Structures are given as structure tokens and as C-alpha cells.
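# Here is my input, please return the structure:
(one chain, ligands or ions: 1)
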Amino acid sequence: MTIVVGVTGGIAAYKAVSVIRSFVLLGHDVHVIATDAALRFVGAPTFEAISRNPLNTDLYEGVSEVRHVGIGKSADLVVIVPATANTLAKIANGLADDLLTNTILATTAPIVVAPAMHTEMWQNKATQANVQTLRSRGVTLVGPATGQLTGSDSGPGRLEEPEVIVEAALALVRKPSARRGRGASASSTDESARLSRRDLAGHRIIVTAGGTREPLDPVRFLGNRSSGKQGVAIATAARDRGADVVLIAAHLDVPVPDGLETRSVSSALELQKAVTDAASGADVVVMAAAVADFRPAKLQEGKIKKDDVGEGLQLSLVANPDILAGLSAGKRPDQVIVGFAAETESDPQALIELGRRKLKRKGCDFLVINNVGWKTGFSTDDNEVVVLDSHGDIVMEAAGSKTSVADRILDVITSA
Ligand code: C5P
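Residues are numbered from 1 along each chain as shown. Presented below is the predicted three-dimensional model:
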């Protein structure tokens, strides 16, 4: 396969060398296009030696061969690593002022970009708007990861690990729907771009979302602050990618989009029945709902009266069944079961360790870990997640809108 690797000018450019080397060692014909800024970080001889091909940099070299179009046309896959905020902005706006951006405009191959920049630049509204534009046009983003940045700071913006970029890029071209249609209109709407990526067609996916309510008496319940936004985003993204989706909804704070078969539930026991009934015919179950671990031992027939209980009220609770653990234990070998872990642990390493312990208890295929607190996780439009596979290895880290995180989670599931 012919892979064009675009390298832009960030300190992470040195990691592009590992990506190029992996593609070459896997037998691919790799052609590197480095921007002028990239060459301030890594020298041309390194790219030429590692890629085993001449380096491409200058728009005005080889003009008679029309190289600014030819390279893009010959590509089966284009990977930009690292992608700076500047390059993301240029390609989102269709600018073509160097060889790399001309190539991006000329190619119909799948495009993968691995952004790397400081957290402030990544979270800047302009960058986020550009990222949304790129995603809506079918460009695949890998990362950025969250971690140590160039200075002493850390946060979202770190280049994803080279092996993750290589795997994600190759997984994309393995999909039958990967190659974008020649002449695809740059004015495609978000919706049509999503609908054109039907890699989940023929798959039945169950998604639970929201938070259960455990009744105490006819008017009161024990509940949680889950809004259901992330679960609904996953269900919506799965529908857009062609899946047959059943959304099991527990008290959502968000509207349910059209085209989603929805079953409303209230308590953990109701959710268990709904998901167990639906799971037998499903290929994938995503347990995004916040399910209460305990419920009141006794449901009071009438409203609990203050006069009857005095100054303090002691509640007796019993454990709810662990639905996720039950689904994982009884799953078919071809089913994929995904659990969520919402934790208040702020130390990233300790958070992952908590996730690993939870994964062992639950036995699911993937666990999506996210940090929640008074201001994070629940009800917000953005999320930051780390996904572990069944061995406890990190297979994906994503930060961004719940919609973009949903697509990244589905990418992990489709590559399973
Ligand atoms: O143990 P914890 O509640 O943190 O586990 C979270 C994951 O387990 C979520 O995927 C949630 O949907 C699921 N869960 C469950 N049954 C319970 C509690 C949680 O399936 N009783």
C-alpha cells in the first residue's frame, strides 16, 4: 500500500520517524511530505533514510510531473503526524499553500491526523471548530492523548503513541467503507458525512444511558446526576454509522434523536430486564448508564412521614445485581461488552488502576474510564476518557465533545 505521511512543525515531529519506520517494516511504500517547519525539528536525511524514498517538501519541485496532485492521487492512505493547530486550520479551511496541503486537497484516500499541541491550543475554540469540520468531512483523528507535554505541563495535547497511530490508520483502510468517494463534495454536511461511514451496518447495538432511580416511597427515590449525554451520543453515532440501535434510557436529561428505538426504564432492576432481553440478539452492548449499586431494602407503600421517623431516618439498602458483570459472564464469544467507570479519583495513574480493578470484577471486553466530579463528567458537553481492553491495556484516550468521544469509542469497538 502507498502511504503518504505528512509531517508538520511541532516538537513531536521526531515521533513521526517511528510511525514511518513501522509502516516501512510492515511492507508499505511510504512517501514523506515534510513542511518547512517540520524540517526545523527533524532533518531531511532522517526522513529519507527511514522511509527509503526521497523526501517531498517543495511545491515548486517536479512541477512538470504535477506532483502537488500526483502524490495525493497515488496515496492509499494519508497520515499527518504530528498535525499542528496551524495545519488543522489550513486543511479545515481548504487552504493549499504548500505541498502537504495541496496533497490533502487532491487526495481521495482516507486521511488520518494525529494532533499534537499544548492543551490551551487544543482546547481553543478555533481549533475545536476546525476539528469538528474535519471529522464531519470524514477525516479520522487519532488523539491527542492526555499526558506530559513538552514543558513541565501536562494535559490533553500530547501526540498519541506511534504504535496507536499506526494501528488506527491501518485499521481504517482495512474497513471496506474506508476509501472516500472520488469527487466527494467538500460542502458535504455533517450528516451526510456521518451517514456515508456505515461501518456498523448490519450490527445490532444496545446502549444504556442515563441514571437509574431507586424508589423509596411513591414520591422519593435515590438517584444520581448522570444526564445520559454520553450514552445518547454513542447511540446516535452508532445509528449514523449504520447500526441497528436500541437505546435503554434511564431518566435522560437530553432529548433522544429520531431513529433510535428507545426503551424507557427507571430502576436498576428494570434496566436489567430490558438489557438482558435485548442483549441476546445484540452484537455489542454498551453500558453507559449510571446504575445504582444499592436500592432501598423495602419500598414504602405510602409516603414516609417525618412525624413517623423522628429526627433521623435510617435507610436500609440491599445490593443491586451487577448487570454488566452478568452480561459479560453470559456473553457469546462474538459479542462485545463495554462498561463504563465514572470515578472521582483525580490522579490519572490511580484512576487507571481503579479502572483495571473494575475491569477484573466486571469481566467486560472494554472499559471506558472517565473522571467525574461536581463540575466534570456529568451533564457537561465534553468528556475525557481512557479506554482499557480486557487485559487492562490502554487502547484509546480521547478528549473532546461527547459526540467525538462517542465516535472514538465506536472506532475501538469496530476494531475489536
Ligand atoms: O461499579 P460501577 O457502578 O462503577 O460500574 C460501572 C459500570 O457497571 C457501568 O458500565 C454501569 O452501567 C455498570 N453497572 C451495572 N450494574 C450495577 C452497577 C453498575 O451494570 N449494579
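# From now on I want contacts and neighbour counts done on CA atoms only, so please keep to that.
Will do.
# State which one residue of the stretch 101-250 of the chain is found closest to the ligand.
residue 208 (7.2 Å; Cα to the nearest ligand atom).
# which residues touch that residue?
Contact analysis of residue 208 by Cα atoms under 8 Å, 6 or more residues apart in numbering lists 231, 247, 248, 249, 250, 275, 286, 287, 288, 289.
# Give the helix, strand or coil label for it.
What DSSP: H, G, I helix; E, B strand; the rest coil gives for residue 208 is strand.
# Also within reach of the ligand: list those from the contacts of residue 208.
Among the contacts of residue 208, the ones lying near the ligand by Cα under 6 Å from any ligand atom are 287, 288, 289.
# The last one against residue 213, yeah?
No. Using Cα atoms under 8 Å, residue 289 is not in contact with residue 213; the gap is 11.4 Å.
# between the two, who's got more neighbours?
residue 289 (29 against 22; other Cα atoms under 10 Å).
# can you pull the contacts of that one?
Residue 289 touches 208, 209, 210, 211, 212, 226, 228, 231, 250, 340, counting by Cα under 8 Å, 6+ apart.
# export those to CSV and tack on distance to residue 106 and pLDDT?
Converted to CSV, the contacts of residue 289 look like this (distance: Cα to Cα, whole Å; pLDDT from 0 to 100):
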residue, distance to residue 106, pLDDT
208, 42, 98
209, 41, 98
210, 44, 97
211, 47, 97
212, 50, 98
226, 44, 94
228, 40, 96
231, 37, 97
250, 47, 98
340, 41, 98
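# of those residues, closest to residue 67?
The nearest member of the contacts of residue 289 to residue 67, counting by Cα to Cα, is residue 231 at 45.3 Å.
# Tell me if I am right that that closest one is in a strand.
No. Applying three-state DSSP, one finds residue 231 to be helix, outside a strand.
# what's the nearest residue to it if we skip its chain neighbours?
residue 209 (4.6 Å; Cα to Cα, 6 or more residues apart in numbering).
# And for that neighbour, the neighbour number?
There are 30 residues near residue 209, going by other Cα under 10 Å.
# my guess is it meets residue 233, correct?
No. Counting by Cα under 8 Å, residue 233 is not a contact partner of residue 209; they are 9.4 Å apart.
# For those two, list the residues in contact with both.
In contact with both residue 209 and residue 233: no residue, using Cα under 8 Å, 6+ apart.
# The residue located most distally from the centre of the chain: which element?
No residue in the chain sits farther from the centre than residue 307, which is 51.4 Å out by Cα atoms, centre = their mean. In this assignment (DSSP states H and E), residue 307 forms part of helix 306-309.
# do the same with residue 262
Going by DSSP H and E, residue 262 is part of strand 261-265.
# That strand close to the ligand?
No. Taking Cα under 6 Å from any ligand atom as the criterion, strand 261-265 and the ligand are apart, separated by no less than 13.3 Å.
# for that strand, the distance to its chain's centre please.
How far strand 261-265 lies from its chain's middle: 24 Å, per Cα atoms, centre = their mean, to the nearest Å.
# what helices or strands is it leaning on?
strand 244-250, helix 268-279 (3 or more Cα pairs under 8 Å, 6 or more residues apart in numbering; DSSP states H and E).
# can you list the domains in the protein?
Per automatic domain parsing, the domain ranges recorded for the chain read 2-196, 204-297+307-414.
# Lowest average pLDDT across the ones you listed?
Here the lowest mean pLDDT among the domains of the chain goes to domain 2-196, at a mean of 86.
# And it, how far out from the chain middle?
18 Å.
# Get me the contact residues on this protein for the ligand.
Residues of the chain lying near the ligand (Cα under 6 Å from any ligand atom): 287-293, 320-324, 339-341.
# Any quick PyMOL command for the buried ones out of these?
The PyMOL selection below is limited to those of the residues of the chain next to the ligand classed as buried (16 or more other Cα atoms under 10 Å):
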select buried, resi 287+288+289+290+291+292+320+322+323+324+339+340+341
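# Tell me which of the residues of the chain next to the ligand fall in strands.
Among the residues of the chain next to the ligand, the members falling in strands (DSSP state E) are 287, 339, 340, 341.
# All set, thanks.
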